[in-house]
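Participant: Could you work out the structure for the sequence below:
(one chain, ligands or ions: 1)
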Amino acid sequence: MAVIKEKSVLAALLKRMYWIEAEMEQLGTWEARIQFMGENIEALEKLSHDSDKHWNILQKWLLIADIPIPMTAPPGLPAKIFDFNGMPPERIFHEIMKYEILARDAYVDILNADSAVIEDLFPDEINRKEFIQDIKGLIKDEEEHRKICVKQSGGLKIIKTR
Ligand SMILES: [Fe+2]
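Facilitator: Numbers count the residues shown, from 1 in each chain. Reported below is the predicted structural model:
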């Protein structure tokens, strides 16, 4: 994996993740469509609530780094990420899983960014340490989300786990 060595690249990645988490947060509204399965609702709520939390964390760091909060989809992302229309719950969780993996790997990339780049974005040492702690927390959550999706997607073959 190529290490992020430019501030603009790190900033762009943070913006994309902000957008993805904001979209993920909408998952909660899909509850109604799969209410016939109680365990699915609980899993979806967990993913949705965590994304809500993540979205807030990213917003905080974008503000601190003086990066404009995206109002529309950042380059490279569709305006609307999910369309679950007519999909059975297993397929829905399989689709969500792709983004949980993407999110986990993106946060790993952010954590592994060149320390000079992180320092450039967060010159204050206390901020920087807190940022790193937050990113570590995000990685842990996303890995947990991936596992939830694996479980809920049941028999569906997994396309990529790493
Ligand atoms: Fe997630």
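Participant: What are the neighbouring residues in contact with F84?
Facilitator: Each residue near F84 by Cβ atoms under 8 Å, 6 or more residues apart in numbering is listed here: 30, 33, 91-92, 95. In this view, the C-beta of every residue, glycine as well, is placed from N, C-alpha and C.
Participant: what about burial for those residues, which qualify?
Facilitator: The neighbour count (16 or more other Cβ atoms under 10 Å) marks 30, 92, 95 as buried among the contacts of F84.
Participant: just curious, which of these is nearest to the ion?
Facilitator: E95 (12.9 Å; Cβ to the ion).
Participant: At the geometric centre of this protein, which residue do we find?
Facilitator: A103 (4.0 Å; Cα atoms, centre = their mean).
Participant: Can you give me the pLDDT of that one?
Facilitator: A103 is assigned a predicted lDDT (pLDDT) of 96.
Participant: ditto for the one 4 residues further on
Facilitator: Looking at Y107, its pLDDT is 98.
Participant: Ramachandran angles for it?
Facilitator: phi -70, psi -30 (degrees, to the nearest 10).
Participant: list the contacts for D141?
Facilitator: 50, 54.
Participant: What parts of the chain come near the ion?
Facilitator: Residues of the chain lying close to the ion (Cβ under 5 Å from the ion) are 100, 142, 145.
Participant: Give me the subset of those residues lying in helices.
Facilitator: Within the residues of the chain next to the ion, membership in helices is found for 100, 142, 145, as judged by DSSP state H.
Participant: Out of the residues you listed, the closest to the ion would be?
Facilitator: Of those, the one sitting nearest to the ion (Cβ to the ion) turns out to be H145, at 3.7 Å.
Participant: Contact partners for the closest one?
Facilitator: 46-47, 50, 96, 100, 103-104.
Participant: One more: S48?
Facilitator: 24-28.
Participant: what about the nearest residue to the residue nearest to the centre of the chain once chain neighbours are set aside, distance to M17?
Facilitator: Distances taken as Cβ to Cβ, 6 or more residues apart in numbering place E142 nearest to A103, at 4.6 Å, with adjacent residues excluded. Using Cβ to Cβ, to the nearest Å, one gets 10 Å for the distance from E142 to M17.
Participant: now do A73
Facilitator: 13 Å.
Participant: where's the dip in pLDDT among the contacts of F84?
Facilitator: Lowest confidence among those: R33, with 73.
Participant: Quick check: that one vs P89, distance?
Facilitator: For R33 relative to P89 (Cβ to Cβ), the value is 9 Å.
Participant: and if you look at K5?
Facilitator: 42 Å.
Participant: Over to K98?
Facilitator: 16 Å.
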